[in-house]
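Engineer: this is a predicted model, with the sequence first.
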Amino acid sequence: MNGIPEAIGAYAIAAALLTMLPGPDTAIVLVTAINAGRAAAVRAALGIGVGLLMWGTAAGLGLAAMLRASAEVYTVFKFACAAYLLWLGFTSLRAALRRRRNGAAAHDEVDVKRRLRLPWGFRQALLTAMLNPKLGVFFVAFLPQFIPPGTSAFGMTMLFSAIQATEAIIWFLVIGSLAGMARSWLSRPRVRRAMAGVTGTIFVFFAARVATE
C-alpha cells in the first residue's frame, strides 16, 4: 500500500490540470449548452466522463497500446477523429451562414425541445471523447508513470480513470452551467450565428491540428 495515496494525489492534480486545458471536449460542452441548455450540457459532461472511463478500460486491457505501437493504426484513427471534428465544424459554420427564414425561431424551439428529450448531448460528447487519439496516447504513455510498483496495473488504471472522469464531469458541469445561465443572451439570433461561426472555426482548427500532429 506504500506509495498509493501519494500516487493518487499526484495523478489527481495532473489530471485536473489536463482536464482544464481547452480542447474539443470543452468546445462540445459549450456548443451543447448554448444550443440545448443546461440539461443537455449535463448529459454532455457525463458523455465525456464515460468516454474517459472507456479509454481507461481500453488502456487497462492493452487495447489502447495499439495506437502507440502501430503507426498505421494511429494514423487511421487520427484521421477518423479529424474527420469527425471537421464535420462538427462544418455543421456549426453552415448554421452560422444559413439565412434565417420566417418561422425559423419557432422551428429552433421545437428542435431544442426534441434535443432535451433525446440523449443528444451525451452521444456527441461521448463520440468526441472516444474519437480523440490524444486520449489514447495519454492513457498509454502518461498514466502508467503514476502506477506504484507492485500494484495491479489494471486496477490502478481503472482507479485513475475514475478519478479523471469524476474531475472532468465536475469541470464540464461548471462550464455547461455557466453557458446555460447565459443562454438567454447567447440565443439571440445575431449572437447565436456569431457563436456558431466561432465554434465551427474552433472545431476546424482542432481537426487540422489533430490531422497534422
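Structural biologist: Received it, and whenever you're ready, just let me know what you need. Numbers count the residues shown, from 1 in each chain.
Engineer: if you skip the residues just before and after it, what's nearest to residue 50?
Structural biologist: Nearest-residue entry for residue 50: residue 126, 5.8 Å, with adjacent residues in sequence omitted and distances by Cβ to Cβ, 6 or more residues apart in numbering. Every C-beta, even on glycine, is put in place using the N, C-alpha and C of the backbone.
Engineer: who are the contact partners of the one you found?
Structural biologist: 47-48, 50-51 (Cβ atoms under 8 Å, 6 or more residues apart in numbering).
Engineer: show the pLDDT at it.
Structural biologist: pLDDT recorded at residue 126 is 90.
Engineer: same check on residue 196?
Structural biologist: 71.
Engineer: ok, now how distant is it from residue 86?
Structural biologist: 15 Å (Cβ to Cβ, to the nearest Å).
Engineer: with residue 128 instead?
Structural biologist: 13 Å.
Engineer: what's around residue 4, how many residues?
Structural biologist: If you count neighbours by other Cβ atoms under 10 Å, residue 4 ends up with 14.
Engineer: settle it for me: which of residue 196 and residue 86 has more neighbours?
Structural biologist: Just comparing residue 196 and residue 86: by other Cβ under 10 Å the higher neighbour count belongs to residue 196, 21 against 18.
Engineer: tell me which element that one falls in.
Structural biologist: helix 189-212 (DSSP states H and E).
Engineer: for that helix, which outside residues touch it?
Structural biologist: For helix 189-212, contacts defined as Cβ under 8 Å, 6+ apart pick out 23-24, 27, 30-31, 34, 78-79, 81-83, 85-86, 88-97, 100, 105, 132-134, 185-186.
Engineer: tell me which residue is most central in the chain.
Structural biologist: Centroid-nearest residue in the chain: residue 25, 2.5 Å away (criterion: Cα atoms, centre = their mean).
Engineer: residues contacting residue 46?
Structural biologist: 122, 125, 169.
Engineer: model confidence score at the nearest residue to residue 160 once chain neighbours are set aside, please.
Structural biologist: Using Cβ to Cβ, 6+ apart and skipping residues adjacent in sequence, the residue nearest residue 160 is residue 11, 5.2 Å away. Residue 11 carries a pLDDT value of 91.
Engineer: from residue 17, how far off is residue 11?
Structural biologist: For residue 11, the distance to residue 17 equals 11 Å [Cβ to Cβ].
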